[in-house]
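Q: Test case, fold it:
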Amino acid sequence: MIEDIKIVMHQGKQFIPDVTAAKVPGIFRGRPVISQADVDEQALVELCPTGAIRSNPFSLDLGKCTFCGECAFANPEKVKFTSDYKLATNERENLIIKAGEDKPMGLNPDKIRKEIHEYFGGSLKLRQISAAGDNSCELELNACGNVNFDMGRFGIEFVASPRHADGIVITGPISENMAQPTQICYDAVPDPKIIILAGTDAISGGILAGSKALNRTFLDKYPIDLYVPGNPVHPLTFINGVLELIKSRR
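A: Numbers count the residues shown, from 1 in each chain. The predicted model follows:
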């Protein structure tokens, strides 16, 4: 027992006490800020590998962004990535950052289905579907349950069976081979159920967008409850997004 106490005293806390106010390393690329600086915008548009940057007006789509940072390297006067990891939203258009905007991102409470908190406010079980993902987002979502982030303390956990789940979390661009399994998994989840898209690939297809190897028709059938951008998704981004989705608004 004494040795265990010594280890705890030496290592300190092994978990993040407050995941809503945690600090991340300076190298982390979170919410971007775009200035009104008059620069060669077309050069930045052509630089982006996924078409996330558009001109007239100049904007950056976090649903397509790979967070490679090349735009900020090329023109730091125009684009800067902050350490703000609270990027999740329930409206696709809110992932588009426009020049001159510098405001926190979040969810539109009017778009959250009332049954979500009623059923899942105290406990949320999710089935994660790797729909042709590259394992980066999958690894980060797995980290959500480790001793540091400890998502389970909020009653949020990943489960093995969709029949034991309250919703699905899709990672990956959804390949042709994963289209039917994704549908089968979704159908097996009892109603009411939620859909979360985690990562650039899931939200837009990422660098594979437009590929004939993809079949993203599943996303046209149902409303998406939460978009969690990132490449890969940071555990704090995912946890804060889900907590915001299921919290009480009475």
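Q: Flag the shaky bits of the protein, pLDDT-wise.
A: 8, 10-13, 248-250 (pLDDT under 70).
Q: so where do the helices sit in it?
A: 2-11, 41-47, 70-74, 114-120, 136-143, 176-188, 200-204, 235-246 (DSSP state H).
Q: which neighbours does the lengthiest strand in the chain have in its sheet, and in what orientation?
A: The residue-count maximum for a strand in the chain (DSSP state E) belongs to strand 124-130. Strands that pair with strand 124-130, judged by DSSP bridges, come out as strand 156-158 (parallel), strand 167-171 (parallel).
Q: which other residues reach it?
A: Strand 124-130 is contacted by residues 138, 141, 155-162, 164-172, 178, 181-182, 185, 189, 196, 242, 246 when judged by CB atoms under 8 Å, 6 or more residues apart in numbering. Every residue, glycine included, has its C-beta placed from N, CA and C.
Q: For stretch 206-221, which residues meet the burial criterion?
A: Gly206, Ile207, Leu208, Ala209, Leu214, Asn215, Arg216, Phe218, Leu219 (16 or more other CB atoms under 10 Å).
Q: Endpoints of that stretch, how far apart?
A: 20 Å (CA to CA, to the nearest Å).
Q: from the middle of its chain, how far away would that stretch be?
A: 18 Å (CA atoms, centre = their mean, to the nearest Å).
Q: do the same with stretch 222-230
A: 8 Å.
Q: What distance separates the opening and closing residues of that stretch?
A: 22 Å.
Q: likewise stretch 79-88?
A: Per CA to CA, stretch 79-88 runs 20 Å from first to last residue.
Q: Now it: buried residues?
A: Buried positions in stretch 79-88, judged by neighbour count with 16+ other CB under 10 Å: Val79, Lys80, Phe81, Asp84, Tyr85, Lys86, Leu87, Ala88.
Q: just to revisit the earlier point, just want the angle from the longest strand of the chain to helix 176-188.
A: 160 degrees (axes from the mean of the first three to the mean of the last three CA atoms, to 10 degrees).
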